[in-house]
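Chemist: predicted model and sequence below, questions to follow.
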Amino acid sequence: MKGQANTVFLSLIIVAKTVLSVQLDAIPYTTVWTELPNVNISPGASAYLRQPPATNASDCANFCNTNGLCIGAVYRSSDQHCWLLSSYLQFPQAQTDNTVSSFLRFGSAMAGLDYAGNTISSESASSVSDCATKCALKQGCIAGVFKNSKCEYKSLLAGTPVTTDNPSLWTLTAPSPPLSFIGLPGIQISPGVAIFDFAPTSNPADCASACAITPSCAVTNFRSLRYVVSGA
């Protein structure tokens, strides 16, 4: 009976991970990239990998996603041109004609960039990385703006950005995709070798967000306390 119980738990974990991979394949590029509208990021030295034609911004981001060296992309809609970058410089250029967008992976940061509006709320933060972590745990936050020791949580990046050479101003993308988990209501998954025991959270979404920023986390169980399962 004990061996059968272990088999059931193992099967459940495999099914959960399989469903997750199928679901993620169906989600568009925004699970991997944050779009910076009206921003042209400059490449580093010898940073251009490819310049494939792309019919839209999503195609450009997906081209970058399939290239293991690509960490950013720039798309120009006026001629459907896509630049794939293996490195980029801080302090980008702002555009005003709505024809250029740049893409950064989740967990990236860009100095000297700010977007007005679409602020959910703000709170104090000790650093850029602290702001990024807090954004990941804030429901609806897709990017944070760190300035004056505060972190502004953004639900959307839109409009004409403000660009400066201020090294203490940063726009940063959330460390993890906001749609990286599937809920299995009424099911508790048995842990493998290690469990990371965290403080209580108020809802399953916060529990999933905490797992998303924990590198070795594979699965979460949410109850009144969160138990993050590693090595599933």
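Modeler: Nice, thanks for sending it over. Only a predicted model underlies this, so the values are computations on that prediction, with no experimental measurement involved. Numbering: from 1, shown residues only.

Chemist: residue ranges with poor pLDDT in this protein?
Modeler: Along the chain, the parts satisfying pLDDT under 70 run over 1-32, 175-232.

Chemist: show me the domain layout of it.
Modeler: The chain breaks down by the TED database into domains covering 31-105, 106-178, 194-231.

Chemist: how about the ones you listed in CSV, adding mean neighbour count?
Modeler: In this view, the C-beta of every residue, glycine as well, is placed from N, C-alpha and C. CSV is the format used below for these (neighbours: other CB atoms under 10 Å):
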stretch, mean neighbour count
domain 31-105, 18
domain 106-178, 19
domain 194-231, 16
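
Chemist: what ranges do the helices span in this protein?
Modeler: 2-26, 57-65, 128-137, 204-212 (DSSP state H).

Chemist: dump the C-alpha coordinates for the third one into PDB.
Modeler: Extracted as PDB, the C-alpha positions of helix 128-137 are listed here (Å, rounded to 0.1, in the frame of the first residue of the first chain):
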ATOM      1  CA  VAL A 128      16.800  47.700  -8.100                       C
ATOM      2  CA  SER A 129      16.700  43.900  -7.300                       C
ATOM      3  CA  ASP A 130      14.400  44.600  -4.300                       C
ATOM      4  CA  CYS A 131      12.000  46.500  -6.500                       C
ATOM      5  CA  ALA A 132      12.000  43.600  -9.000                       C
ATOM      6  CA  THR A 133      11.300  41.100  -6.300                       C
ATOM      7  CA  LYS A 134       8.500  43.100  -4.900                       C
ATOM      8  CA  CYS A 135       7.000  43.600  -8.400                       C
ATOM      9  CA  ALA A 136       7.000  39.800  -8.800                       C
ATOM     10  CA  LEU A 137       4.900  39.500  -5.700                       C
END
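
Chemist: report all helices and strands that that helix contacts.
Modeler: Applying 3 or more CB pairs under 8 Å, 6 or more residues apart in numbering; DSSP states H and E, one finds that helix 128-137 contacts strand 143-147, strand 150-154, strand 170-173, helix 204-212.

Chemist: 6 Å instead, please
Modeler: strand 143-147, strand 150-154, strand 170-173 (3 or more CB pairs under 6 Å, 6 or more residues apart in numbering; DSSP states H and E).

Chemist: ok, the spatially closest residue to Q93 that is not a sequence neighbour - contacts?
Modeler: Sequence neighbours aside, N40 is the residue nearest to Q93 in space, at 4.5 Å (criterion: CB to CB, 6 or more residues apart in numbering). Residues counted as contacts of N40 (CB atoms under 6 Å, 6 or more residues apart in numbering) are Q93, Q95, V100.

Chemist: over to A143?
Modeler: Contacts of A143 by CB under 6 Å, 6+ apart are T34, K154, L157, T173.
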